[in-house]
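> need a 3D model of the following:
(one chain, ligands or ions: 2)
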Amino acid sequence: MFQFCSLYSGSSGNCSFLQTNTTKILIDAGESAKKIEEALKKIDIEPSSIDGIFITHEHSDHIKGLGIFAKKFQIPVYANKETWDAMPKQKEKLEESIINTFTFSPFTIGDIKVEPFSIPHDAANPCGFNFYHENKKMSIATDIGHISESVIKHLSNSSFLLLEANYEPEILKCSHYPYLLKQRIKGPNGHLSNTEAGQTISYLTNYGLKNVMLGHLSKENNFPELAYKTVVEELMEHNIEENLIHLSVASRYEVSNMIDVS
Ligand SMILES: [Zn+2]
Ligand SMILES: [Zn+2]
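Ligands and ions are numbered 1, 2, ... in the order given. Sure, this is the predicted structure:
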């Protein structure tokens, strides 16, 4: 068994769940501890059975409930040094014994191999994750300003990918966001647009990608049907048949289906 489920996804809060028969992990804890507990209850997972929480970066939509949730259930938390240094308020809630620091070298937790990789985003040392179990690979990549060669290399040969499709440029252009915020979102260290997500997915279908969940959608500058449709159009433009790849959109508030990574 190698299963993934998005508990919350979007610019307001992110938390994902991954399990094998013997190991359960969360990626990010960007909703309140109470809401994370509620979501886990919906999929029948006891919070205290979680073996580790992996943090991508320190923005509040990824760590909001971290300190309280991890402390309450004594769950080990894994982040890199720069990310720990950038979230002192969350860190001070945790006992030393559950604080773990990783580098960009792969390591294992239970029967899952974890490979963090660097992503271009305006945080201290943001990362995406590859997870490996029994020759299967899946990836999580949200909050990406642009798709660098290194990001593409890391996402190759993943069969399942949670990929950011944050905004639609035309909506962003007309939105009431201040000019500098708009520049930040579409800049090289901001977020990924629907079209960029579609192009990335089109490319990766040549490298083993079979199943994609679009995530981290902006509340103001995107909506699920548009993200989905834009990605499908990109696939068609690249002559990729729709049935070659399973595409879904993670909900902002709802727990997704449990995806079997195969
Ligand atoms: Zn971020
Ligand atoms: Zn984010």
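> just the pLDDT at E242, thanks.
Note for E242: predicted pLDDT of 74.
> how about the helices in the stretch 151-262 of the chain?
169-174, 179-186, 194-204, 224-237 (DSSP state H, counting those that start in this stretch).
> just want the residue of the stretch 151-262 of the chain that's nearest ligand 2.
Residue nearest to ligand 2 within the stretch 151-262 of the chain (C-beta to the ion): H216, separated by 5.7 Å. Backbone N, C-alpha and C define where each C-beta goes, glycine included.
> what residues does that residue make contact with?
For H216, the contact set (C-beta atoms under 8 Å, 6 or more residues apart in numbering) comprises 9-11, 14, 142-143, 164-166, 191, 250.
> now with 7 Å, please.
9-11, 14, 142-143, 164, 166 (C-beta atoms under 7 Å, 6 or more residues apart in numbering).
> now, which of those lie close to ligand 1?
D143 (C-beta under 5 Å from the ion).
> export the contacts of H216 to a markdown table and tack on secondary structure, neighbour count and distance to E196?
A markdown table is the format used below for the contacts of H216 (DSSP: H, G, I helix; E, B strand; the rest coil; neighbours: other C-beta atoms under 10 Å; distance: C-beta to C-beta, whole Å):
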| residue | secondary structure | neighbour count | distance to E196 |
| --- | --- | --- | --- |
| S9 | coil | 28 | 17 |
| G10 | coil | 22 | 17 |
| S11 | coil | 23 | 16 |
| N14 | coil | 30 | 19 |
| T142 | coil | 31 | 13 |
| D143 | coil | 27 | 13 |
| E164 | strand | 29 | 9 |
| N166 | coil | 27 | 9 |
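> point me to the residue of the stretch 151-262 of the chain nearest ligand 1.
Closest point on the stretch 151-262 of the chain to ligand 1, by C-beta to the ion, is H191, at 7.8 Å.
> tell me the residues of the stretch 101-250 of the chain that contact ligand 1?
Residues of the stretch 101-250 of the chain lying near ligand 1 (C-beta under 5 Å from the ion): D143.
> just the strands from the stretch 101-250 of the chain, written as ranges.
Secondary structure of the stretch 101-250 of the chain (DSSP state E, counting those that start in this stretch): strands at 107-109, 112-118, 127-133, 136-141, 160-164, 211-215, 246-249.
> among the ones you listed, which is the most enclosed?
strand 160-164 (a mean of 27; mean count of other C-beta atoms under 10 Å).
> that strand packs against which elements?
strand 136-141, helix 194-204, strand 211-215 (3 or more C-beta pairs under 7 Å, 6 or more residues apart in numbering; DSSP states H and E).
> and of these, who's closest to F104?
strand 136-141 (14.6 Å; C-beta to C-beta).
> what mean pLDDT would you report for the closest one?
Mean predicted lDDT for strand 136-141 stands at 98.
> picking up where we left off before, can I get the strands of the stretch 101-250 of the chain in TSV with distance to N80?
Below are the strands of the stretch 101-250 of the chain laid out as TSV (distance: least, C-beta to C-beta, whole Å):
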stretch	distance to N80
strand 107-109	12
strand 112-118	7
strand 127-133	7
strand 136-141	15
strand 160-164	19
strand 211-215	21
strand 246-249	29
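> leaving out chain neighbours, which residue sits closest to the residue of the stretch 101-250 of the chain found nearest ligand 1?
In the stretch 101-250 of the chain, no residue comes nearer to ligand 1 than D143, which is 3.9 Å away by C-beta to the ion. Spatial nearest neighbour of D143, excluding adjacent residues (C-beta to C-beta, 6 or more residues apart in numbering): H121 at 4.5 Å.
> next, count neighbours for that neighbour.
For H121, the tally of surrounding residues (other C-beta atoms under 10 Å) stands at 24.
> what pLDDT does the model give it?
98.
> before we move on, back to that, distance of the residue of the stretch 151-262 of the chain closest to ligand 1 relative to L163?
Computed as C-beta to C-beta, to the nearest Å, the H191 to L163 distance reads 12 Å.
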